[in-house]
Each structure stands twice: as C-alpha cells, then as structure tokens.
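Undergrad: Fold the following for me, if possible:
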Amino acid sequence: MIKSAKAKGARWEREAVEVLNEMFPDTWKRIPGSGAFGTIMNITGLTGDLTGKYKFFPFMFRGENKVGYGGKEMTVKKEWFDKIRMEADKNFNEVPCVLIKFDNSRSGVRYFIAFDFDALKKILETVETIYNENIALRDKENERLPG
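TA: Next comes the predicted model:
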C-alpha cells in the first residue's frame with residue numbers, strides 16, 4: 001500500500017509538471033525524491049514536491065502535491081499547508097501552494113492549486129505593483145507624444 005501510494009504521488013508530480021509546463025514551458029520542475037532528500041539533509045532548496053518560476057513574478061512557487069481518490073471528493077488537511085508554508089518561508093522570496101488532483105476524474109475540474117491567504121496576498125500585491133508601474137509608464141509615454 002505504501003509503495004503504491006508513493007508511486008501514485010510520484011506520477012502526479014510528473015503529471016503536474018507536464019500540465020503546468022504546457023502553459024508556460026520550463027517553468028515548473030520536480031524536486032528529486034519529492035523533497036525527502038532536502039528534508040533529511042536540511043537543504044531548504046530541495047524541500048517540497050515542485051517549484052515553479054515564472055519570469056514575470058519576482059518570486060518562486062514551492063508546491064506540495066496531493067492526489068485524491070475516486071474523483072468526487074477529497075479531504076484537505078491543514079498540515080499540508082503548514083508544511084509547505086514552513087518550507088517556503090525557509091527559502092528566500094517564495095510562495096507556497098498545494099497542487100491537488102482528483103484521481104480518476106474524467107470530466108470537469110481535475111486539477112487545482114490552493115493558496116493560503118498570505119500567499120494570495122503576495123501574488124495580488126505583486127500584480128498590483130506591475131499594474132501600477134505599467135500605468136505610470138503609459139502615462140509618461142502619453143505625455144511625450146505630440147497631441
């Protein structure tokens with residue numbers, strides 16, 4: 001049972017990287033040994049299951065992968081969020097997330113990413129900063145144009 005659960009988790013990690021990289025190639029990577037090596041050796045950069053680095057965000061995502069059974073429901077555990085939050089906080093400028101898959105689901109929502117409110121706040125504050133900088137640049141450019 002433990003071996004099959006580990007294999008199922010590893011398959012989901014590989015699948016998540018594949019699905020996420022379809023949108024933005026080479027953005028997400030799997031941590032070797034699902035982060036266990038990093039935990040044992042106390043190497044913070046090798047904890048978690050996945051990392052995602054988008055060129056337009058000044059931070060990296062650190063993800064914990066979880067796969068549910070049956071495709072209809074899944075129990076979400078606080079300890080998943082606490083663990084990945086702690087791991088992300090040990091690294092510089094990271095946002096924690098939990099990547100979840102409804103196993104055996106053939107239609108509708110199959111994959112989703114969950115953030116705690118602090119993580120969402122960091123993402124939205126970054127988007128707001130980029131938005132405000134863009135508006136300021138457009139205003140400055142419009143002042144230079146004859147008109």
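Undergrad: chain center to the helix or strand in which residue 63 is found: distance?
TA: Secondary structure assigned from DSSP states H and E places residue 63 in strand 60-68. Here strand 60-68 is found 6 Å from its chain centre; the criterion is Cα atoms, centre = their mean, to the nearest Å.
Undergrad: What residues sit buried inside that strand?
TA: 60, 61, 62, 63, 64, 65, 66, 67, 68 (16 or more other Cβ atoms under 10 Å). Glycine gets a C-beta too; all of them are placed from N, C-alpha and C.
Undergrad: ok, the second one - contacts?
TA: Applying Cβ atoms under 8 Å, 6 or more residues apart in numbering, we find residue 61 in contact with 50, 51, 52, 53, 54, 94, 95, 96, 97.
Undergrad: If we use 6 Å, what do you get?
TA: Residue 61 makes contacts with 52, 95, 97, as judged by Cβ atoms under 6 Å, 6 or more residues apart in numbering.
Undergrad: The closest residue in space to it that isn't next to it in sequence - how many residues pack around it?
TA: Spatially, and ignoring its direct neighbours in sequence, residue 61 is nearest to residue 52 (3.9 Å; Cβ to Cβ, 6 or more residues apart in numbering). Using other Cβ atoms under 10 Å, residue 52 has 23 other residues around it.
Undergrad: if I look at residue 52, how far off is residue 6?
TA: 22 Å (Cβ to Cβ, to the nearest Å).
Undergrad: What of residue 95?
TA: Per Cβ to Cβ, residue 95 is found 26 Å from residue 6.
Undergrad: In terms of neighbours, single out the busier of those two.
TA: Using other Cβ under 10 Å as the criterion, residue 95 and residue 6 rank with residue 95 on top: 23 against 12.
Undergrad: For this structure, give the helix that spans the most residues.
TA: When the chain is parsed with DSSP state H, its longest helix is helix 117-144.
Undergrad: Average pLDDT for it, rounded please.
TA: Mean pLDDT, taken over the full extent of helix 117-144, equals 94.
Undergrad: what angle sits between that helix and strand 60-68?
TA: 140 degrees (axes from the mean of the first three to the mean of the last three Cα atoms, to 10 degrees).
Undergrad: from the chain's centre, how far out does helix 117-144 sit?
TA: Distance, centroid of helix 117-144 to centroid of chain: 22 Å (Cα atoms, centre = their mean).
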